[in-house]
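Novice: What would the 3D arrangement of this be:
(2 chains)
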Amino acid sequence: MNKQNGIDLSYFPGCSLDSTAIENNLSLLSLFNRLGFNLIELDDWNCCGSSSAHSINGEAAFYLGTRNLSLAPAGRPLIVACPSCLLRLREAQLKLFNDESARREYEKMWGRPVDPDLEILHYFELLDGKDLLSYSENRVKRLEGLRFVSYYGCMLARPPALRYEEKYHGLMEKILSSMGAKPLSWPYLSRCCGTFLSVARPKVVTGMVNEINRGAKDIGADCIITACAMCHLNLEVRCSLKQKIPTLHFTEILSLGLGNTEHKGWFSRHLVDPRPLLRSMGLI
Amino acid sequence: MKTNVNASPKDLITVNDMDIHFADEVVRHSGANLNKCYHCMTCAGGCPFSRATDFAPNSVLRLVQLGLKKEALECSTIWICVGCHTCSIQCPMGIDMAAIMDTLRHIAIREGAAVAEPDILNFHRDVLHSIKHHGRTHKLEVMLRYKARKWEWFSDLAVGIKMLAKRKLHLRASKVQRIDVIRKSFQPQPIRVTHE
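Specialist: All right, here's what the predicted structure looks like:
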């Protein structure tokens, strides 16, 4: 991370951005660097517990979440990129907030205070309301001509306990259309991608993923833009259609839209190569 | 979802061995009041996994409401459900279905119920094994352990190779330095004091 005079924020990448979606991580760091933020990775962060911890070991899910929260320095918002990690961390925080004795117990366990007022934000919240085109040289609309569908997946959805928190649907469409791209309306905006069933029940997930991919193709989209690294992997890895549609992380297309030219190791990691499309648009 | 238009008496669920405390137990553990459910079936229509499950979400709640503990704990739905919240967002009563499914899985494990989807339970165990050993999920290891148990080395081989070639799977696990703390915290209660 470079140390410009940007705003310091804590950052939780999560296991997907650390492995299967490194391109999401790289493009996110590059994007926020451009926007004037220093994302400082939480020191020695651990897995949020993913779907498995809360499924079979509620205790583990809770302490994995609380340890991450205890690592966050006070007074600095914690930025999360993965919608699933975000949900797990917020649930852990909500539980600590509502249970003073549990909080004391966990503070004793980690040997550190856990800030109950820690602001946990999805990176979308940093983008909302910003005139992003002003970060593009001469306000050039580089995405002119790109027809896309937004795919938020299910994880930006909320359990009832968190239902009054901010929702982000529409944000990707708003931002990318300000750069000239054309959002198409489709019914799979927040359809679940099948998540971990991709391993244990691949056939079920292939059916779901093909339906989503077909939906994007039928409406004439050039690509699918995803908000979630897990969704991105499933859409690529479990699609069995002959003609596959490129799927891009929101951070990738946004970076290109702002005129970023350094994208080494981003698109080569995609299973469905988006480079022909991006070249034809003059983006790479 | 199974629908049997020619149901014979032996297909019907008997309600005379119901557990009257079961619903209370699930409500207490999940914090979700499933007794609010009046079976409008919005969740059943919206569930993206309905083709893969044996009971619709509201039907699982019905089993619980009726105290049919064995049927509820042994159904496949509680394992297939990934907690995508599609149902609870659409639910007019705002019932937290994912929390109820979590609770039913926990009770099923605790009481040694017959697990309808052992592969899915094993997958979860593989993920937790990885977290316990590295502090993070090592996806290659999770996949290999899962395949090894099933003796299915060749299913998904092409996918695995493609992911390795695209550097989406890493040979070495990303590790938490204070793995001792993570491991200790996986030990059963009471919570130990483990200052970092």
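Novice: Output stretch A:100-117 as CSV, nothing but the C-alphas.
Specialist: Extracted C-alpha coordinates of stretch A:100-117, given in CSV (Å, rounded to 0.1, in the frame of the first residue of the first chain):
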residue,chain,number,x,y,z
GLU,A,100,-23.0,-6.9,27.5
SER,A,101,-21.9,-10.0,29.4
ALA,A,102,-20.9,-11.8,26.2
ARG,A,103,-18.9,-8.8,25.2
ARG,A,104,-17.0,-8.7,28.5
GLU,A,105,-16.3,-12.4,28.2
TYR,A,106,-15.0,-12.1,24.7
GLU,A,107,-12.9,-9.1,25.5
LYS,A,108,-11.3,-11.2,28.2
MET,A,109,-10.8,-14.0,25.8
TRP,A,110,-9.0,-11.8,23.2
GLY,A,111,-7.4,-9.6,25.8
ARG,A,112,-8.5,-6.5,24.0
PRO,A,113,-11.4,-4.2,24.0
VAL,A,114,-14.0,-4.7,21.2
ASP,A,115,-15.4,-1.4,20.1
PRO,A,116,-19.2,-1.9,20.0
ASP,A,117,-19.5,1.3,17.9
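Novice: What mean pLDDT does it get?
Specialist: Summarised as a single mean, pLDDT over stretch A:100-117 is 88.
Novice: Contacts (any at all) between chain B and that stretch?
Specialist: Yes - Stretch A:100-117 is in contact with chain B by CB under 8 Å from any CB of the partner chain, via A:105-106, A:108-112. Backbone N, C-alpha and C define where each C-beta goes, glycine included.
Novice: which stretch of helix or strand covers the residue nearest in space to the middle of chain B?
Specialist: In chain B, the centroid-proximal residue (CA atoms, centre = their mean) is B:Trp79; its distance is 3.7 Å. B:Trp79 is located in helix B:77-80, with elements delineated by DSSP states H and E.
Novice: Can you show me the CA trace of that helix as PDB?
Specialist: Output of helix B:77-80 as PDB, limited to C-alpha atoms (Å, rounded to 0.1, in the frame of the first residue of the first chain):
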ATOM      1  CA  THR B  77     -34.200 -28.800   3.400                       C
ATOM      2  CA  ILE B  78     -32.300 -27.900   6.500                       C
ATOM      3  CA  TRP B  79     -29.100 -28.900   4.800                       C
ATOM      4  CA  ILE B  80     -29.800 -27.600   1.300                       C
END
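Novice: How about the helix or strand that comes right after it and chain A, any contact?
Specialist: Remark: after helix B:77-80, the chain's next helix or strand is helix B:86-90, criterion DSSP H and E. Yes - interface with chain A: helix B:86-90 contributes B:86, B:88-89 (CB under 8 Å from any CB).
Novice: For the helix-or-strand element of chain B with minimal mean pLDDT, C-alpha coordinates in CSV please.
Specialist: Least confident helix or strand of chain B, by mean pLDDT, DSSP states H and E, is helix B:179-185 with a mean of 87. The C-alpha trace of helix B:179-185 is given here as CSV (Å, rounded to 0.1, in the frame of the first residue of the first chain):
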residue,chain,number,x,y,z
ILE,B,179,-3.2,-20.0,15.1
ASP,B,180,-2.9,-21.2,18.7
VAL,B,181,-5.6,-18.7,19.7
ILE,B,182,-7.9,-19.9,16.9
ARG,B,183,-7.4,-23.5,17.9
LYS,B,184,-8.0,-22.9,21.5
SER,B,185,-11.2,-21.1,20.8
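Novice: buried residues in it?
Specialist: Residues of helix B:179-185 classed as buried: B:179, B:181-182, B:185 (neighbour count, 16 or more other CB atoms under 10 Å in any protein chain shown).
Novice: now, which of those sits nearest chain A?
Specialist: Of all the buried residues of helix B:179-185, chain A sits closest to B:Ser185, with 4.8 Å by CB to the nearest CB.
Novice: hmm, back to that, any idea how far the least confident helix or strand of chain B is from the middle of the chain?
Specialist: Relative to the chain's own centre, helix B:179-185 is displaced by 24 Å; criterion: CA atoms, centre = their mean, to the nearest Å.
Novice: if we can go back for a sec, report the buried members of the residues of stretch A:100-117 next to chain B.
Specialist: A:105-106, A:109-110, A:112.
Novice: sorry, back to before: let's see if you can find the most crowded of the residues of helix B:86-90 next to chain A.
Specialist: Ranked by the number of neighbours (other CB atoms under 10 Å in any protein chain shown), the residues of helix B:86-90 next to chain A place B:Ser88 first, at 26 neighbours.
Novice: now that one: how far from B:Ala44?
Specialist: Separation of B:Ser88 from B:Ala44 (CB to CB, to the nearest Å): 13 Å.
Novice: Enumerate the residues of the stretch 101-250 of chain A near chain B.
Specialist: Counting by CB under 8 Å from any CB, the stretch 101-250 of chain A sits next to chain B at A:105-106, A:108-112, A:154-155, A:157-161, A:163, A:190-192, A:194-197, A:199-202, A:204, A:207-208, A:233, A:237.
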